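J.: generate coordinates for the sequence data below:
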Amino acid sequence: MKSARTRSRAAAAGTVIVLSALATACNRDSAGSGAGGDKPAIGIDLPRSDSDFWNSYAEYVKKGIKSDGINALPLSNSQNDVTKLAANVQVFENSGAEAVVMAPQDTGAIASTLDDLAAKKIPVVSVDTRPDKGDVYMVVRADNRAYGTKACEFLGERLHGKGKVAEFQGALDSINGRDRSEAFAACMKKKFPDIKVFELPTDWKGDVASAKLQSLLAQHPDLNGIYMQAGGVFLQPTLALLEQKKLLKPAGDEDHITIISNDGIPQELDAIREGQIDATVSQPADLYAKYALYYARAAAEKKTFEPGRTDHGSTIVKIANGLEDQLPAPLVTKDNVDDKALWGNAVGQ
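T.: Residues are numbered from 1 along each chain as shown. Now for the predicted structure:
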């Protein structure tokens, strides 16, 4: 039941709230409702449904809601649109949310929404992305600069410090895209100056990456390396294009294009087994969901945390606008691709 304060706020907002609710109704998932009772209500926005990684995360969230007895409001999906995210959050506020979980894809434009939530003393857990401004209770994320560095070192060593590499950059208005791109560039410049890197901004869109790769291959048919910052959106279009161009040679072939990715989805692990790609950095979709729900409930219960090592193998660090729990993200190659501890090997189990 809504409190008098919530009802008053809803009444004051009037038509704006009605329109907001209507605008987001098509994005809401009634399957997200968890246990009720006196447990704090948690609003959870899923960021998109066009990525295998984020679809896996969504499934882990739904499982976690049920297994942990989370009192979740109906889930919403902002579909990579910060305007929809802001509207979805407004619905959470008017539904009595005591904490909000989100994964803003535009980490700059979300600041005003975070300021509004802070003013209403509704804590926020941000998953995978760190907002540029605006208070957050906890960011649940892996070290994205390490992603770029690991990709650089892997490609540099495999190519023996020489060659041409295409880099599918994520959206540069996202902290993740910037972190991965900046770290990759810095590492290449310092350690492998004889490798030519072609930076291809993609806005996390697979069709954009494929089109730019096709143009690049026309100019540089001797391309011998690719860094995909998000296998969830880039893997299939990339493999399809290389196969079409008869460039999808297996690992070990002298004409094989060395490919490293980020995400750790099952399809990437299969591609490593088949020799189509060589490595990925496994983003922990299962742990993202688990600890997003954990911290959201803790926030609603007004618990506090301090920087330092955790009991789940990660490190909490202080950031300018809150705290960040940096979860482990291992490099996966043919040597450890069958490790049962990888979430990509446990999907569906």
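
J.: could you break the chain into its assigned domains?
T.: For the chain, automatic domain parsing gives the domain ranges 4-128+284-303, 144-282.

J.: and those: which comes nearest Thr315?
T.: domain 144-282 (11.9 Å; C-beta to C-beta). Placement of C-beta: from N, CA and C, glycine included.

J.: span of that closest one from start to end?
T.: End-to-end span of domain 144-282 (C-alpha to C-alpha, to the nearest Å): 11 Å.

J.: how far away is the nearest residue to Gly264 once chain neighbours are set aside from Lys191?
T.: Nearest residue to Gly264, sequence neighbours excluded (C-beta to C-beta, 6 or more residues apart in numbering): Ser282, at 2.9 Å. According to C-beta to C-beta, to the nearest Å, Ser282 stands 23 Å off from Lys191.

J.: so where's this protein uncertain?
T.: Within the chain, the stretches with pLDDT under 70 are 1-37, 348-349.

J.: ok, Ser282 and Lys191, which is more surrounded?
T.: With neighbours defined as other C-beta atoms under 10 Å, Ser282 and Lys191 compare such that Ser282 has more, 28 against 14.

J.: quick one: Gln283 and Ala329 touch, right?
T.: Yes: counting by C-beta atoms under 8 Å, Gln283 does reach Ala329; the two are 5.7 Å apart.

J.: burial of Ile65, as a residue count?
T.: Neighbour tally, Ile65, other C-beta under 10 Å: 22.

J.: likewise for the one 5 residues further on?
T.: Using other C-beta under 10 Å, the number of residues around Ile70 comes to 23.

J.: that one and Ala41, how far apart?
T.: From Ile70 across to Ala41, the span is 9 Å (C-beta to C-beta).

J.: please name the residues that touch Asp286.
T.: Applying C-beta atoms under 8 Å, 6 or more residues apart in numbering to Asp286 gives the contacts 60, 343, 346.

J.: now, which of those sits nearest Arg145?
T.: Taking C-beta to C-beta as the measure, Arg145 sits nearest to Trp343 out of these, at 21.5 Å.

J.: check contacts around the closest one.
T.: Neighbour list for Trp343: 56, 264, 282, 284-287 [criterion: C-beta under 8 Å, 6+ apart].

J.: do a quick rundown of the helices in this structure.
T.: Along the chain, the segments classed as helices by DSSP state H run 4-13, 15-25, 52-68, 82-94, 111-119, 144-158, 175-191, 206-219, 231-244, 266-273, 285-300.

J.: can you list these in a markdown table and add distance to Ala103?
T.: Shown next, in a markdown table, are these (distance: least, C-beta to C-beta, whole Å):
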| stretch | distance to Ala103 |
| --- | --- |
| helix 4-13 | 25 |
| helix 15-25 | 16 |
| helix 52-68 | 8 |
| helix 82-94 | 9 |
| helix 111-119 | 13 |
| helix 144-158 | 13 |
| helix 175-191 | 10 |
| helix 206-219 | 19 |
| helix 231-244 | 13 |
| helix 266-273 | 20 |
| helix 285-300 | 8 |
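
J.: which one of the ones you listed lies closest to Ser76?
T.: When the helices of the chain are compared by C-beta to C-beta, helix 82-94 sits nearest Ser76, at 3.9 Å.

J.: now the angle from the closest one to helix 111-119?
T.: Orientation of helix 82-94 against helix 111-119 (axes from the mean of the first three to the mean of the last three C-alpha atoms, to 10 degrees) gives an angle of 10 degrees.

J.: the most centrally placed residue in the chain and Leu287: what is the separation?
T.: With distances taken as C-alpha atoms, centre = their mean, Asp128 lies nearest the centre of the chain, 4.5 Å away. Separation of Asp128 from Leu287 (C-beta to C-beta) stands at 11 Å.

J.: now do the shared contacts for these two.
T.: Val140.

J.: circling back: any residues in contact with both of Ile70 and Ala41?
T.: Here Ile70 and Ala41 share no contacting residue, scored by C-beta under 8 Å, 6+ apart.

J.: dump the residue contacts of Arg141.
T.: 126-130, 288, 324-327.

J.: can you rerun that using 6 Å?
T.: Applying C-beta atoms under 6 Å, 6 or more residues apart in numbering to Arg141 gives the contacts 128, 324.

J.: do the one 10 residues further on as well
T.: For Ala151, the contact set (C-beta under 6 Å, 6+ apart) comprises 184, 227, 260.

J.: perfect, I'm done here.
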